[in-house]
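**Student:** Build me a structure from this.
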Amino acid sequence: VAITLLMYASGGIRSGLGVMLLISLTGAAIVAPRRLSFLYAALATIALLLEQGYWVLLQDVPSAGFVQPGLLAMGCFATVGVTGWLAQRVAANEALARQRGRALATQTRVNQLVIQDMQDGVLVLDREGRVLQHNPQAQRLLAAEKLLGAGIAELLPGFGGRWRAWRTGDAAAGGPADLALLGRDIRLRLLDTGTDEQFSVVFIEDMTRTREQAQQIKLAALGRLTANIAHEIRNPLAAISHAAELLDEENRGGDRERLTRIVHDNTQRLERLVAEVLQLNRRDRISAERIRLDAWLPGFIAEFVANESVPAARLSVGATREAWIEFDREHLHQVMWNLLRNAVRYARSEPRSVRIALGGFAGRVELSVIDNGPGVPPSSQGQLFEPFFTTDSKGTGLGLYLARELCAANRALLEYVNDMPGAHFRIVIREARAA
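**Tutor:** Numbering: from 1, shown residues only. The predicted model follows:
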């Protein structure tokens, strides 16, 4: 109303003051509801038309003068509509921003709680190797009063050079590194954040605590193993004792030969049992070396065929690539010997009944032993790697258990893969650089 009166006092629509209506309507559309904004536009239109009607009726202004007020009235409605739509978009974006801000704050809080409660220490480093952030566990493991701003070379003597080599592109330097610090054995892992700031993250794992837990588990398993060994040794000893008593009483040659064979078989079983237990106790004595598997396999197979009296035609090797691993040579020999002996025992007596496959991808080497026998029943697959589980009356039940333990000691995984008609055992090993 005030703007319309000011237009009238200034000479009508030609004064140009009608533009002020657009400014006021824009402000109303921003703060007022959509329907109320259109009401304001309608009232402004009525005021413009009444003001122009006064000049036409009482001042003899030509009726063609209604064109300019009409265009201005259309502009009022358009301004209200566009401004209201933009205001709604801004309000929706603001609500979405608040919602995401709350979600981000919640996620940040959860991440902080997780990081603070982690058993591993975490350090965030800038491009110069100075600590920007850390969790409480890192401070406890490093026994440092102040970590922020400290250099990685100061906190971890001997690791600074490795970190710099990793930053300059040496991927091998980013692998796990074991250090002794303040009487603790720690393992360090590096991770690039991928940000423009070139931040990196160092994970600090307390290997002393891990080894203590592993030792407790090992002691518990050793207790169960000892009880099982006592039970397993008792049966062959009873058979040997009974056969010896019968030998004292029996004079016929045929029975003597049968009893002698019983004594011999059970003595060999005890010898294998003791040898495998001794091998199990030496599982942690590792002398790892780089081995090229595709070159190692032919010599191993030739030795196996000669010692086990197996026709060479029953074994086939498929090596699709050159593969290097880091493994204790004696351990690898023992694991593959156990797997091949089992495969030959259960496979059909025909050419290429046992297959050794060498492959892998993504930094992993996969060595598989596959036979065409009946396979392992689903009910027995969960017990395959348990000590003294066997389906062979002459077996000790320690072969697969020993093979898995030797693989674990060399940071490899031995698993049974249920994807073949026969049995399929696979060793998964991290690939090493060529020697």
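
**Student:** Quick one: the strands in the stretch 1-150 of the chain, in order.
**Tutor:** Under the criterion DSSP state E, counting those that start in this stretch, strands of the stretch 1-150 of the chain are mapped to 121-125, 131-134.

**Student:** Most tightly packed of those strands?
**Tutor:** Using mean count of other Cβ atoms under 10 Å, the stretch among those with the greatest mean number of neighbours is strand 121-125 (a mean of 21). Placement of C-beta: from N, CA and C, glycine included.

**Student:** I'd like to know which elements that one is packed against.
**Tutor:** Packed against strand 121-125 by the contact rule (3 or more Cβ pairs under 8 Å, 6 or more residues apart in numbering; DSSP states H and E) you find strand 131-134, helix 136-142, helix 152-155, strand 200-206.

**Student:** go again using 6 Å as the cut-off
**Tutor:** Taking 3 or more Cβ pairs under 6 Å, 6 or more residues apart in numbering; DSSP states H and E as contact, the helices and strands that strand 121-125 lies on are strand 131-134, helix 136-142, strand 200-206.

**Student:** Can you tell me which of those is packed in deepest?
**Tutor:** Greatest average neighbour count among the helices and strands packed on strand 121-125 goes to strand 200-206 (a mean of 20), per mean count of other Cβ under 10 Å.

**Student:** Buried residues in stretch 347-355, which are they?
**Tutor:** Buried residues in stretch 347-355, counting neighbours by 16 or more other Cβ atoms under 10 Å, are found at Ala347, Ser353, Val354, Arg355.

**Student:** hmm, back to that, name the stretch from the helices and strands packed on strand 121-125 that approaches Met118 most closely.
**Tutor:** Closest to Met118 of those, according to Cβ to Cβ: helix 136-142, at 5.9 Å.

**Student:** Can you give the contact residues for the closest one?
**Tutor:** Contact partners of helix 136-142, identified using Cβ atoms under 6 Å, 6 or more residues apart in numbering, comprise Gln116, Met118, Gly121, Val122, Leu123, Leu147, Leu155, Ile204, Asp206.

**Student:** tell me the pLDDT at the residue nearest to His333 when sequence neighbours are not counted?
**Tutor:** Distances taken as Cβ to Cβ, 6 or more residues apart in numbering put Phe300 closest to His333, at 6.7 Å, once the chain neighbours are dropped. At Phe300 the predicted local distance difference test score is 90.

**Student:** Looking at the strands of the stretch 1-150 of the chain, spot the one closest to Gly84.
**Tutor:** Using Cβ to Cβ as the measure, strand 131-134 is the one of the strands of the stretch 1-150 of the chain that comes nearest Gly84, at 45.5 Å.

**Student:** in the stretch 101-250 of the chain, which spans are helices?
**Tutor:** With DSSP state H, counting those that start in this stretch as the criterion, the stretch 101-250 of the chain has helices at 136-142, 152-155, 160-167, 207-249.

**Student:** Would you single out the least confident of the ones you listed?
**Tutor:** Comparing the helices of the stretch 101-250 of the chain by mean pLDDT, the weakest confidence falls on helix 207-249, with a mean of 66.

**Student:** Return the list of helices and strands in contact with the strand or helix carrying Phe304.
**Tutor:** Taking DSSP states H and E as the definition, one finds Phe304 inside helix 293-308. For helix 293-308, the contact count by 3+ Cβ pairs under 6 Å, 6+ apart identifies strand 315-319 as packing neighbours.

**Student:** Against Asn111, how distant is Ile429?
**Tutor:** The spacing between Ile429 and Asn111, counted by Cβ to Cβ, to the nearest Å, is 34 Å.

**Student:** Ok, Gly373 next?
**Tutor:** With distances taken as Cβ to Cβ, Gly373 is found 51 Å from Asn111.

**Student:** What of Glu415?
**Tutor:** 33 Å.

**Student:** hang on, the earlier thing: I'd like the buried residues of stretch 347-355 written out as a markdown table, with secondary structure, distance to Gln198 and pLDDT added.
**Tutor:** As requested, the buried residues of stretch 347-355 are arranged in a markdown table below (DSSP: H, G, I helix; E, B strand; the rest coil; distance: Cβ to Cβ, whole Å; pLDDT from 0 to 100):
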| residue | secondary structure | distance to Gln198 | pLDDT |
| --- | --- | --- | --- |
| Ala347 | coil | 55 | 88 |
| Ser353 | coil | 56 | 90 |
| Val354 | strand | 52 | 91 |
| Arg355 | strand | 48 | 91 |
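
**Student:** need the contact list for Leu132.
**Tutor:** If you count contacts by Cβ under 6 Å, 6+ apart, Leu132 has them with Val124, Asp126.

**Student:** hmm, 8 Å instead?
**Tutor:** By Cβ atoms under 8 Å, 6 or more residues apart in numbering, the contact set of Leu132 is Val124, Leu125, Asp126, Leu148, Phe199.

**Student:** Strands of the stretch 251-400 of the chain, residue ranges please.
**Tutor:** Here the stretch 251-400 of the chain has its strands, by DSSP E, counting those that start in this stretch, at 288-292, 315-319, 324-328, 354-361, 364-371.

**Student:** Would you mind telling me which of the ones you listed is nearest Leu339?
**Tutor:** Ranking those by distance to Leu339, with Cβ to Cβ as the measure, places strand 364-371 first at 4.3 Å.

**Student:** Mind listing what's buried along that closest one?
**Tutor:** When burial is assessed from 16+ other Cβ under 10 Å, strand 364-371 yields the following buried residues: Val365, Glu366, Leu367, Ser368, Val369, Ile370, Asp371.

**Student:** Of these, which is the nearest to Tyr54?
**Tutor:** Glu366 (93.9 Å).

**Student:** Check what pLDDT the closest one gets.
**Tutor:** At Glu366, the predicted lDDT confidence score is 88.

**Student:** does it have beta-bridge partners, and which?
**Tutor:** Assessed by DSSP bridges, Glu366 has beta-bridge partners Gly359, Val428.

**Student:** Could you pull up the residues touching it?
**Tutor:** Contacts here follow Cβ under 8 Å, 6+ apart; on that basis Glu366 touches Ala357, Leu358, Gly359, Gly360, Arg426, Ile427, Val428, Ile429.

**Student:** For those residues, give me CSV that also has distance to Ala239, neighbour count and pLDDT.
**Tutor:** Written out in CSV, the entries for those read as follows (distance: Cβ to Cβ, whole Å; neighbours: other Cβ atoms under 10 Å; pLDDT from 0 to 100):
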residue, distance to Ala239, neighbour count, pLDDT
Ala357, 40, 16, 90
Leu358, 42, 18, 89
Gly359, 45, 15, 84
Gly360, 45, 18, 78
Arg426, 37, 18, 90
Ile427, 35, 24, 90
Val428, 40, 15, 88
Ile429, 40, 24, 89
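
**Student:** thinking again about what came up before, okay, Gly373 and Asn111: which has more neighbours?
**Tutor:** For Gly373 versus Asn111, neighbours defined as other Cβ atoms under 10 Å are more numerous around Gly373 (19 against 10).
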